[in-house]
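quick one, what's the 3D model for this:
(chains A and B)
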Amino acid sequence: MQKKMQLSAFLLTVSLLFNFTLSSCGQHEDMSHIKLATTTTTDNSGLLAELIPVFEERNSIKVDVIAVGTGKAIIHGKNGDVDVILVHARNQEDAFIDSGFGIDRRDVMHNDFILIGPDSDPSGIRGSSSATEALKSIAEYESSFLSRGDDSGTHTKERQLWKDTDITPSGQWYKEAGQGMGTVLTMSNEMLAYTMTDRGTWLAMKDKLDLVLLFEGDPILYNPYGVIAVNPERHDHVNYEDAMRFISFLTSQTGQNIIQSYRKNGEQLFFPDALN
Amino acid sequence: MTLLEKALGLILSGDEELYRICFTSISFSAISIFIASLAAIPLGFLLKLKEFPCRQLLLIIVNSLMALPTVVVGLLIYTLISRSGPLGQIGILYSPAAVITGQVVLVLPIITSMVHGAISDMDPRLPETLQTLGARGLNYYGMLAREMKGPILAAILAGYGRAIGEVGVSMMLGGNIRWYTRTITTTISLQTSKGEFELGLALGIILMAIALTLNFLIHGVVRHE
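The predicted structure is shown next:
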């Protein structure tokens, strides 16, 4: 008799647990998800942490952020592993759209790149008239320059700038790290090398570095971010509808205001572009 | 074409960068092992054959250091040779010298401990025999080493395997700089994070081939004894 009671109590507990699990799963499914592949710099800047909760609350859509390099973010999009991408490498973005994998690209915002290096500035790039002139001086004096060398958006931009100078950087002075921006900044600091960085990572790390900002402000150094939905005709499982809601939100007055007012260490990192 | 076929194609195509990376790995590890052996083999002998203060303590330390993770070795050397560190003036961080320094520290305890172990296992009559034959001082150690060349070689090869397969030291102290300090393991790490698997896989295959060759050599050497 007692055994029977024990058994029924056990069964009751199990069924309660089972019900509970089911109902909590159900709640989970009420909220639809989108997967956003974006660059590590965007994620590390802290901006997404301001934007996404507002979007999630208004639309009851959960955004899963996958922070990788621009190159990999686009590969994720091509493979249909994500629903929407937010990246900054215009040429690669165009190729992504031309090959039919991405649709509905919108400009979101820009930040900018800067050239930093040792305070002694051995190539004298302070006060250069343009970014290409600064790079030319570095090459001319063969001062150490550390490149990301990892096919990231920043690396793509740097290669494009070298192309504009008609110099193919090579030799002992030009080194390719193949690593992330934070690591490259730390390495440049040790090697007393010049490097090109996005302003966000620089602001986040400059307190730990002896390097100084040596060149900024050339419009060629602007770094535009685009948001692109993955084409549902290529991958029918993607959540295109919610991806478009996310794109509309980023480019809406609300989204753009959040970007405009976002500050890190008291400095504005991103400049909204969608409503201009 | 599958990923594996692409990787094999890359190995056979004689890709310049691929071979440069392999050469870097093989030569860094070879130099590290050469330097480490110069110190580790005599140290292994001393720890067994000479009585001196703190010998047991030193032995325990050496054995513990064998388990040291590569990232810890990397970090220790980093703090020493960083510009803000005590040896920062030399400025060798992110150069081949830095990687080799790290690898020497990494494999020194391994070779020492294995040599020590081999001498502990040797036939106790061997030292007596050598001494009866009139071997004294350095000459005695030289003859002993000649007798023990199998296990010593095995220790060196084991250390080489550890050095060529490690990624923590190479990444942290070498910085994975292209055409300079980029090794097999740092490349695999970089390529995988970029989502490009062909070169990574090709290098993985080469690394496995090296590991297999080394193990066959160790096996052959030990059995030969």
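
what parts of chain B come near chain A?
Applying C-beta under 8 Å from any C-beta of the partner chain, we find that chain B lies next to chain A at B:82-83, B:93-94, B:175-180, B:182, B:186-187, B:190, B:193-195. From N, CA and C alone the C-beta is placed, and that goes for glycine too.

repeat that for 10 Å
B:78, B:81-85, B:88, B:91, B:93-95, B:98, B:171-172, B:174-182, B:186-187, B:189-191, B:193-196 (C-beta under 10 Å from any C-beta of the partner chain).

what are the boundaries of the helices in chain B?
In chain B, helices defined by DSSP state H lie at B:3-12, B:16-49, B:55-65, B:70-81, B:96-121, B:125-132, B:137-147, B:149-165, B:168-169, B:184-194, B:197-224, listed in chain order.

hmm, back to that, in ChimeraX, select just the buried ones from the residues of chain B next to chain A.
To isolate the buried members of the residues of chain B next to chain A in ChimeraX, using 16 or more other C-beta atoms under 10 Å in any protein chain shown:
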select /B:78,81,82,91,93,94,95,98,171,172,174,175,176,177,178,179,180,181,182,186,187,189,190,191,193,194,195
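
tell me which of the helices of chain B approaches A:Asn265 most closely.
For those, the distance to A:Asn265 is smallest for helix B:70-81, at 26.7 Å, taking C-beta to C-beta.

mean confidence for stretch A:199-218?
Per-region confidence: stretch A:199-218 scores 91 on mean pLDDT.

dump the residue contacts of the residue lying closest to B:Arg178 once chain neighbours are set aside.
In this structure, B:Arg178 finds its nearest non-sequential neighbour in A:Glu176, 3.8 Å apart by C-beta to C-beta, 6 or more residues apart in numbering or on different chains. By C-beta atoms under 10 Å, 6 or more residues apart in numbering or on different chains, the contact set of A:Glu176 is A:145-150, A:155, A:169, A:184, B:175-180, B:182.

and the residue of chain A nearest chain B?
Proximity of chain A to chain B (C-beta to the nearest C-beta) peaks at A:Glu176, 3.8 Å away.

I'd like the distance between that residue and B:Glu196.
Look at A:Glu176 and B:Glu196: by C-beta to C-beta, to the nearest Å, they are 15 Å apart.

got it, and A:Asp166?
From A:Asp166 across to B:Glu196, the span is 29 Å (C-beta to C-beta).

tell me, how many residues neighbour B:Phe34?
Burial of B:Phe34 is recorded as 13 neighbouring residues (other C-beta atoms under 10 Å in any protein chain shown).

wait, what's in contact with the residue nearest to B:Ile92 when sequence neighbours are not counted?
Excluding the flanking residues, the one nearest B:Ile92 by C-beta to C-beta, 6+ apart is B:Ala98, at 5.0 Å. Taking C-beta under 10 Å, 6+ apart, we find B:Ala98 in contact with A:190, B:74, B:77-78, B:80-81, B:90-92, B:169-170, B:172-175, B:181.

ok, now which ones touch A:Leu185?
Taking C-beta under 10 Å, 6+ apart as the test, what A:Leu185 contacts is A:116, A:146, A:195, A:197, A:201-202, A:204-206, A:208-209, A:211.

now, which of these lie close to chain B?
Applying C-beta under 10 Å from any C-beta to the contacts of A:Leu185, one finds that A:Leu146 fall near chain B.

tell me the pLDDT at the residue nearest to B:Ile92?
B:Ala98 is assigned a pLDDT of 95 by the prediction.

which ones are touching the residue in chain B positioned nearest to chain A?
Closest approach between chain B and chain A, counting by C-beta to the nearest C-beta: B:Arg178, at 3.8 Å. When contacts are counted by C-beta under 10 Å, 6+ apart, B:Arg178 touches A:147, A:149, A:174-178, B:17, B:20-21, B:187, B:190.

and for B:Leu10, the neighbour number?
So B:Leu10, with other C-beta under 10 Å, has 18 neighbours.

check B:Leu214 too.
Neighbour count for B:Leu214, taken as other C-beta under 10 Å: 17.

that one touches B:Ala158, doesn't it?
Yes: between B:Leu214 and B:Ala158 there is a contact under C-beta atoms under 10 Å: 8.0 Å.

which residues of chain B score low on pLDDT?
The model of chain B has pLDDT under 70 over residues B:1, B:224-225.

ramachandran angles for A:Gly217?
Main-chain dihedrals, A:Gly217, degrees, to the nearest 10: phi 100, psi -10.

quick check: closest non-adjacent residue to it.
A:Asp112 (7.9 Å).

isn't that neighbour right up against A:Phe271?
Yes: in this structure, A:Asp112 is within contact of A:Phe271 by C-beta under 10 Å, at 8.3 Å.

enumerate the residues of chain A near chain B.
Residues of chain A lying near chain B (C-beta under 10 Å from any C-beta): A:68-69, A:71-76, A:79, A:146-147, A:149-152, A:170-172, A:174-180, A:183-184, A:186-193, A:210.

swap the cut-off to 6 Å and go again
A:72, A:75, A:149, A:175-178, A:187, A:190-191 (C-beta under 6 Å from any C-beta of the partner chain).

out of those residues, which is nearest to A:Pro122?
Nearest to A:Pro122 out of the residues of chain A next to chain B is A:Met191 (C-beta to C-beta; 12.3 Å).

what's the closest one in contact with, if anything?
Shown in contact with A:Met191 (C-beta atoms under 6 Å, 6 or more residues apart in numbering or on different chains): A:144, B:94.

tell me the bridge partners for the residue nearest to the spatial centre of chain A.
The centre of chain A sits closest to A:Thr39, judged by C-alpha atoms, centre = their mean, with a distance of 2.3 Å. Applying DSSP bridges to A:Thr39 gives these bridge partners: A:Val68.

all set now, cheers.
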